[in-house]
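Okay, predicted coordinates and the sequence, questions at the end:
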Amino acid sequence: MGFGDLKSASGIKVLNDFLSERSYIEGYVPSQADVAVFESISAPPTADLCHALRWYNHIKSYNNQKSSLPGVKKPLGQYGPAGVADTTSGGGDDDDDDDIDLFGSDDEEDAETTRLKEERLAEYAARKSKKPTLIAKSSILLDVKPWDDETDMSKLEECVRSIQMDGLIWGQSKLVPVGYGIKKLQIGCVVEDDKVGTDLLEEHILAFGDFVQSMDVAAFNKI
């Protein structure tokens, strides 16, 4: 098992293909498996590798929480698709690798940050322990605009649909002409209001900057 060399374009391509059918390296929540693979990557994936880029941006958001994620780190050769060996270089006496810390130093997480995190985890656990009530949902229609008429709209839609999160279900889509040969992607989705908002959707969609110029909410209806 492995991803090849994660510091090379070929290794990131293997990672992208691996993540095309899953949200995380292992299981259904972020874990130390994601941290181990993330820390082996020397730069963000390019926009055409949308599954790897989506995963990278998501795991990066756990900057101050990496040590609290579940699981135990294992060698890279115990992750990834079968039949691919791990050849990622790292460790040793390479001073350049020692200087790279994509998450930032653990020293930056002071006592106050730890206390706030523990309070939020306790609040979350308390909410989850309560009897489930009616889940508020909304139907949203998004307009996603490309840069020009040469943008690969199939790839743009693939990038958008690669965004996966709890409380989000993508629906139907179509291309709508906007003028000068340019078409925008109009795509619908259903979200759980407590988990997914338009700001979060916009942040993830605009991360694909090589394809996406802007995103607008065309319609928003409570279900």
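Yep, it's here. Predicted, not measured: the structure shown is a model, and the values here were computed from it.

hey, where'd the helices end up in this structure?
Assigned by DSSP state H, the helices in the chain fall at 9-19, 32-38, 50-60, 95-99, 111-129, 153-161, 198-206.

Show me which positions of the first one end up buried.
To tie it back to what came earlier, the one meant is helix 9-19. When burial is assessed from 16 or more other Cβ atoms under 10 Å, helix 9-19 yields the following buried residues: G11, I12, K13, V14, L15, N16, F18, L19. (C-beta placed from N, C-alpha, C; glycine too.)

Among those residues, pick out the one closest to P146, please.
N16 (20.9 Å; Cβ to Cβ).

Just the residues contacting stretch 115-135, thanks.
Residues outside stretch 115-135 that contact it (Cβ atoms under 8 Å, 6 or more residues apart in numbering) are N64, Q65, S68, E192, D194.

ok so, going back, lowest average pLDDT across the helices of the chain?
Set side by side, these give their lowest mean pLDDT on helix 95-99, at a mean of 45.

tell me the contacts of the residue lying farthest from the centre of the chain?
Residue farthest from the centre of the chain, counting by Cα atoms, centre = their mean, is Y180 at 32.9 Å. Contacts for Y180 (Cβ under 8 Å, 6+ apart) come out as D149.

swap the cut-off to 10 Å and go again
Contacts for Y180 (Cβ atoms under 10 Å, 6 or more residues apart in numbering) come out as D148, D149.

Tell me the predicted confidence for it.
On the pLDDT scale, Y180 gets 90.

Dihedrals phi and psi, it?
Main-chain dihedrals, Y180, degrees, to the nearest 10: phi 60, psi 30.

Name the nearest residue to H204, sequence neighbours excluded.
Among residues not flanking H204 along the chain, I163 sits closest, at 4.7 Å (Cβ to Cβ, 6 or more residues apart in numbering).

Pretty sure that neighbour sits against F208.
Yes: shown here, I163 and F208 form a contact pair, counting by Cβ atoms under 10 Å, at 9.0 Å.

what residues are shared contacts of these two?
With Cβ under 10 Å, 6+ apart as the test, I163 and F208 both reach C50, R54, N57.

Dump stretch 9-27 to PDB, keeping only the CA atoms.
Extracted in PDB, the C-alpha atoms of stretch 9-27 (Å, rounded to 0.1, in the frame of the first residue of the first chain):
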ATOM      1  CA  ALA A   9       3.200  15.100  -9.100                       C
ATOM      2  CA  SER A  10       2.700  11.400  -9.700                       C
ATOM      3  CA  GLY A  11       2.200  10.700  -6.000                       C
ATOM      4  CA  ILE A  12      -0.400  13.500  -5.700                       C
ATOM      5  CA  LYS A  13      -2.200  12.100  -8.700                       C
ATOM      6  CA  VAL A  14      -2.500   8.700  -7.000                       C
ATOM      7  CA  LEU A  15      -3.800  10.500  -3.900                       C
ATOM      8  CA  ASN A  16      -6.400  12.400  -6.000                       C
ATOM      9  CA  ASP A  17      -7.600   9.200  -7.500                       C
ATOM     10  CA  PHE A  18      -7.800   7.500  -4.100                       C
ATOM     11  CA  LEU A  19      -9.900  10.400  -2.700                       C
ATOM     12  CA  SER A  20     -12.300  10.500  -5.600                       C
ATOM     13  CA  GLU A  21     -14.400   7.900  -3.900                       C
ATOM     14  CA  ARG A  22     -13.800   8.900  -0.200                       C
ATOM     15  CA  SER A  23     -13.600  11.900   2.000                       C
ATOM     16  CA  TYR A  24     -10.800  10.900   4.200                       C
ATOM     17  CA  ILE A  25      -7.700   8.600   4.100                       C
ATOM     18  CA  GLU A  26      -9.400   6.200   6.600                       C
ATOM     19  CA  GLY A  27     -13.000   6.100   7.800                       C
END
